[in-house]
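>>> I'll drop the sequence and a predicted model, then ask my questions.
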Amino acid sequence: MSIQVRVPGQLFSYTGGQSQLEAEGATLDEVLDDIDRRFPGLRFRVVDEHGAIRPHVRFFVNRTDARSLSHAMATGDELVIVGALSGG
Amino acid sequence: MDHVVLLIGTRKGAFFLRGDATRQHWQLAGPRFLGSAVHHMVLDPRDRKTLLMGTRPGHLGPSLFRSTDFGDTWQEATKPPAFAASDDPKAPSVDIVFWLTPGHASEPGVWYAGTVPPGLFRSEDGGDTWQEVAGFNRDLMPVIREAVGPIPGGPPLHSILIDPRDAKHLYVSVSSGGTFESTDAGASWRPLNRGVAAEFLPDPDAEFGHDPHRVALHPLAPDRLYQQNHCGIYRLDRPGDTWQRIGRAMPSEIGDIGFPVVLHPRDPDTLWVFPMDGTENWPRTSPGGRPAAYCSRDGGESWKRQDSGMPSERAWWTVKRQSFCADAGDPLGLYFGTTSGELWASTDEGASWRRIAEHLPEIFSVEAALGPT
């Protein structure tokens, strides 16, 4: 199944500048694994070694904040990866 | 001599400052990895072309990049330093690759990395893949964490030192945690903090929990170590295990607080420090707004102020623990980077200084490498 993924500028160095990808997986975890297979290193930038989402990263599935990598994904879903801004 | 290249890590990327043969003219290159904090960039002295760099973009996780052509091209490590996956919600995760040390001359391809929160990692393939040093991370660090408690911001593991006579003889330091020694390549460790003050600990005679800021081992006299600590400047002569507070000989109005310590590569009795205001609420500025290096040529028995060329007043920058270094020239060249983004140099062993770069981001680290001619 195919999921539409929108990638933030902070990760363009991995995707070769692509902001839109297609990926597969039944969970957010699997989708990130699929992306990482094609763009090695990207997953570790957004998820730590224990599977925790990094503090400045958000995942929105169909505009809903997905707080866990076990979040279920389905064909046609839209995943938006956000590098949340902070500081001044 | 060969051309010196200063490898500069900053809050916003990596820069290279290439000197000519006289060390009088410098050419700035960079930034590379603009927008990423670079805490340390180090050349492998065994091949003089491999560079490793710890990076951390502001909003993403940390990583490590390698270059095998002295910085022309970079590749991300296939498996950067990371702790073993765990379901324990208190398990540490690597936040910063803070420190890099090439391995022993007899072990080409071996590197060590220190992280925030404190972790010790080893690579055997030139920095492409990294494994935990389990004896430190899994056996010792939980004991330190339990004793010291949480440190806001996370303390770094730094000053990874390898005895040039024995690849298995290691020293590492943790702020706050202390200095530790291994004689079996990291399988087991023992604290090495006797004699070091720890005014912030309830037990002044604690075995560990101290706050070493930078520890250095002399390459020609590996039984001689120096330490700039949160609580003073120290010397240790092995096989002794009690540090001597040589900072007592510093002028009282300056004190002996600071972060870096630099050794003269040909003279074990000569060293430099860069004092910082550690009074009251720790402003972490040059004392009185008047920056200066201090040099001892007798192993810390006496100290001489070296500030010729530096601002004489109203200069509130200071120098971080990885931002003061020496080259191998004769006379020795000394270099430091400031928290205000300036790079200063001396080619007469500290007698005079001049600014060779300015307007850089906050400087985290400076290493002097011998570059391609």
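It's in.

>>> and the residue nearest to residue B:307 when sequence neighbours are not counted, how many neighbours does it have?
Leaving out its chain neighbours, the residue that sits closest to residue B:307 by Cβ to Cβ, 6 or more residues apart in numbering or on different chains is residue B:292, at 3.7 Å. From N, CA and C alone the C-beta is placed, and that goes for glycine too. Residue B:292 has 22 neighbours, counted by other Cβ atoms under 10 Å in any protein chain shown.

>>> Residue B:292 against residue B:306, yeah?
Yes: using Cβ atoms under 8 Å, residue B:292 is in contact with residue B:306, at 6.3 Å.

>>> The residue nearest to residue B:307: what's it in contact with?
Going by Cβ atoms under 8 Å, 6 or more residues apart in numbering or on different chains, residue B:292 touches B:254, B:274-275, B:286, B:305-307, B:310.

>>> switch to 7 Å and redo it
Taking Cβ atoms under 7 Å, 6 or more residues apart in numbering or on different chains, we find residue B:292 in contact with B:305-307, B:310.

>>> Any of the residues you listed buried? List them.
Among these, those scoring as buried are B:306-307, B:310 (criterion: 16 or more other Cβ atoms under 10 Å in any protein chain shown).

>>> Please pull up the helix or strand immediately following the lengthiest helix in chain A.
Longest helix of chain A, by residue count under DSSP state H: helix A:28-38. Once helix A:28-38 ends, the next helix or strand along the chain (criterion: DSSP states H and E) is helix A:42-46.

>>> could you give the angle of the helix or strand just after that following helix to helix A:28-38?
Later in the chain than helix A:42-46, the nearest helix or strand by DSSP H and E is strand A:57-61. Strand A:57-61 and helix A:28-38 meet at an angle of 110 degrees, taking axes from the mean of the first three to the mean of the last three Cα atoms, to 10 degrees as the criterion.

>>> where's the residue most central in space within chain B relative to residue B:181, distance?
For chain B, residue B:322 is the residue whose C-alpha lies nearest the centre (Cα atoms, centre = their mean; 3.7 Å). Computed with Cβ to Cβ, to the nearest Å, the distance linking residue B:322 and residue B:181 is 21 Å.

>>> re the thing from before, now for the residue lying closest to the residue nearest to the centre of chain B once chain neighbours are set aside, how many residues are close by?
Leaving out its chain neighbours, the residue that sits closest to residue B:322 by Cβ to Cβ, 6+ apart is residue B:365, at 3.6 Å. Residues near residue B:365, counting by other Cβ under 10 Å, number 26.

>>> before we move on, what about residue B:164?
When neighbours are counted by other Cβ under 10 Å, residue B:164 comes out with 15.
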